[in-house]
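S.K.: Provided below are the primary sequence and the corresponding predicted coordinates.
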Amino acid sequence: MLQFNSVVSGLPADSPAGPPADSPAGPPADSPAGPPADSPAGPPADSPAGPPADSPAGPPADSPAGPPAESPAGPPGESPAGPPGESPAGPPAKSPAVSVVQVAVKYLNKDKNKDYISIPGYDEPIPREVALLTLASKGNAQEIIQLLDWQVFEKNYIMVLERFTPCEDLSRFLYKEGNKIDEGRARVIMWQAAKTAYMCCKRGVFHRDIKLENFLINTDTLQIKLIDFGCGDFLKTSAYTERIGTEEYFGPEFFETGKYYAKSTTVYSLGVLLFTLLCGRFPDSIDKDQMKNKIWSVHGFSKECCSLVEACMMENPKERIPLRDICGHKWFQSRHQTAQQQKITESPAENDVNRLSEGEILPPLASVSQSEDKKYKCIEEIHSCQNGIGKKLGQGGFGTV
């Protein structure tokens, strides 16, 4: 189950916690002994805020010196309502500015998600998705959803995740675009997806469910974020045999041998992702035969673009382009990009990926932030699907499996 939430701290600077210095509740600061009875800065003689002119509690209306020292209204030189420039309740406190952070809260049923694994930095095993996301999002990982907090309860555990707007998942984004997008936007999305998948593997995480539904996209900037590590596993060099993930994105080797490898399968999934962005459908047997013979093409798309699809979706895993080489493919060269697209594909985060040595696995977060001063106020609730993965986040959603 997912809930939309707002983290709110403090009040606005102009909060009505106290009147300003020139509030009508007190006289002006240059009033030496309180305003005369007919002063516009103070209450009239019959105002409830001060006694009438003939009241025994105050001086006559024509008294220029104000109330005598023993008057209950206050000593000479001070306003009956308090010192000049201050409200009756004292000076207004300076309130901090409002800080509102939109978050997404993901609920997972412990009975259906019993898989706990151990990672460095934690004394006991923690939920698989929490562990893998913690590993993958360490440091500068702009294209991976950030885990802000998590808690374990008796029947479920929750994950508090960042929520950026405006956003929706790539599947919905593609649908709104008529199930096809132009090559320029497909290039920007694919470059980020490939970089993110490579980063996960370099940090020892095999996502295993790369697909449209598991990427959120900012519809204004085209920046994307990878979500949902629930199908993932630790990266290993040996073969996997479990059928976990989405069938349409699995490489054909699994259906032939019952085995698959992390990096080559990830490359194939990225190829299917790019194919669907360009064609609005999954590849069929004709497409796959043409790719096998390296003659596949789509009218209206460049030769470089089609060659990358072929390179990712080769039937033989050994013939596929290495995962580390995708971002360096000639299709991503700057001459093909607009200024905005080039800015995204040349982000500083790329250097962080390139600096990772072969086989390096970065250490996980030492701890997950659990700030006590954050108050999560539910503003909307969304039901989850069978595996506890919410269907929507912002205007888009967490993907299903």
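M.R.: Arrived safely. Residues are numbered from 1 along each chain as shown.
S.K.: okay, now residue 242: neighbour count?
M.R.: By the criterion of other Cβ atoms under 10 Å, residue 242 has 10 neighbours. (C-beta placed from N, C-alpha, C; glycine too.)
S.K.: Can you give me the end-to-end span of stretch 213-227?
M.R.: With Cα to Cα, to the nearest Å applied, stretch 213-227 spans 9 Å between its terminal residues.
S.K.: how about the residue nearest to residue 331 when sequence neighbours are not counted, secondary structure?
M.R.: In space, and not counting its chain neighbours, residue 331 is closest to residue 304: 4.0 Å by Cβ to Cβ, 6 or more residues apart in numbering. Assigned by DSSP: H, G, I helix; E, B strand; the rest coil, the conformation of residue 304 is helix.
S.K.: likewise residue 107?
M.R.: Per three-state DSSP, residue 107 ends up strand.
S.K.: just to revisit the earlier point, hang on, the residue nearest to residue 331 packs against residue 330?
M.R.: Yes. Here residue 304 reaches residue 330: they are 5.2 Å apart, a contact under Cβ atoms under 8 Å.
S.K.: which residues of the chain fall in helices?
M.R.: 128-136, 170-176, 183-202, 252-257, 262-279, 285-292, 303-312, 339-345, 349-354 (DSSP state H).
S.K.: Format these as a markdown table; extra columns: distance to residue 121, mean neighbour count and mean pLDDT.
M.R.: Below are the helices of the chain laid out as a markdown table (distance: least, Cβ to Cβ, whole Å; neighbours: other Cβ atoms under 10 Å; pLDDT from 0 to 100):
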| stretch | distance to residue 121 | mean neighbour count | mean pLDDT |
| --- | --- | --- | --- |
| helix 128-136 | 8 | 25 | 94 |
| helix 170-176 | 32 | 18 | 96 |
| helix 183-202 | 18 | 23 | 96 |
| helix 252-257 | 33 | 14 | 96 |
| helix 262-279 | 23 | 23 | 97 |
| helix 285-292 | 43 | 14 | 94 |
| helix 303-312 | 34 | 20 | 96 |
| helix 339-345 | 32 | 15 | 57 |
| helix 349-354 | 20 | 15 | 43 |
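S.K.: Redo these as JSON lines? Include distance to residue 230.
M.R.: Formatted as JSON lines, the helices of the chain follow (distance: least, Cβ to Cβ, whole Å):
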{"stretch": "helix 128-136", "distance to residue 230": "5"}
{"stretch": "helix 170-176", "distance to residue 230": "17"}
{"stretch": "helix 183-202", "distance to residue 230": "14"}
{"stretch": "helix 252-257", "distance to residue 230": "19"}
{"stretch": "helix 262-279", "distance to residue 230": "16"}
{"stretch": "helix 285-292", "distance to residue 230": "29"}
{"stretch": "helix 303-312", "distance to residue 230": "24"}
{"stretch": "helix 339-345", "distance to residue 230": "27"}
{"stretch": "helix 349-354", "distance to residue 230": "24"}
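S.K.: of those, which approaches residue 109 most closely?
M.R.: helix 128-136 (12.5 Å; Cβ to Cβ).
S.K.: helices and strands around that closest one, which ones?
M.R.: strand 116-117, strand 147-152, strand 156-162, strand 205-206 (3 or more Cβ pairs under 8 Å, 6 or more residues apart in numbering; DSSP states H and E).
S.K.: if you set the cut-off to 6 Å instead, what comes out?
M.R.: Other elements packing on helix 128-136 under the criterion 3 or more Cβ pairs under 6 Å, 6 or more residues apart in numbering; DSSP states H and E are strand 205-206.
S.K.: Now do the contacts for residue 166.
M.R.: For residue 166, the contacting residues are residue 219, by Cβ atoms under 6 Å, 6 or more residues apart in numbering.
S.K.: what's the spacing between it and residue 102?
M.R.: Distance from residue 166 to residue 102, counting by Cβ to Cβ, to the nearest Å: 11 Å.
S.K.: Over to residue 136?
M.R.: 22 Å.
S.K.: same deal with residue 244?
M.R.: Distance from residue 244 to residue 102, by Cβ to Cβ: 31 Å.
S.K.: again, but for residue 233
M.R.: 31 Å.
S.K.: Show me which of these two is the more surrounded one.
M.R.: residue 233 (19 against 14).
S.K.: I'd guessed that one sits against residue 207; true?
M.R.: No. Contact criterion Cβ atoms under 6 Å: residue 233 and residue 207 do not qualify, at 8.9 Å.
S.K.: Sketch out the low-pLDDT regions of this protein for me.
M.R.: 1-99, 334-401 (pLDDT under 70).
S.K.: domains of it?
M.R.: Recorded structural domains for the chain (assignment: automatic domain parsing) are 2-7+100-162+369-382, 168-354.
S.K.: Based on its surroundings, how many neighbours for residue 318?
M.R.: Count around residue 318 with other Cβ under 10 Å applied: 8.
S.K.: distance of the nearest residue to it once chain neighbours are set aside from residue 244?
M.R.: Using Cβ to Cβ, 6+ apart and skipping the chain neighbours, the partner closest in space to residue 318 is residue 264 (7.7 Å). Plainly put, residue 264 is 16 Å away from residue 244 if you go by Cβ to Cβ.
S.K.: Check residue 295 too.
M.R.: Distance from residue 295 to residue 244, by Cβ to Cβ: 33 Å.
S.K.: So between the two, which is more surrounded?
M.R.: residue 244 (13 against 10).
S.K.: okay but that one is in contact with residue 230, surely?
M.R.: No. With contact defined as Cβ under 6 Å, residue 244 and residue 230 do not form a contacting pair (9.2 Å).
S.K.: Now do the closest residue to residue 194 other than its chain neighbours against residue 311, distance only.
M.R.: The shortest distance from residue 194 to any non-neighbouring residue, by Cβ to Cβ, 6+ apart, is to residue 326 (4.1 Å). Distance, residue 326 to residue 311, by Cβ to Cβ: 8 Å.
S.K.: What's the local residue count around the closest residue to residue 106 other than its chain neighbours?
M.R.: With sequence-adjacent residues excluded and distances taken as Cβ to Cβ, 6+ apart, residue 106 is closest to residue 159, at 4.4 Å. Residue 159 has 22 neighbours, counted by other Cβ under 10 Å.
S.K.: so residue 159 makes contact with residue 149?
M.R.: No. Using Cβ under 6 Å as the test, residue 159 is too far from residue 149 to be in contact (7.7 Å).
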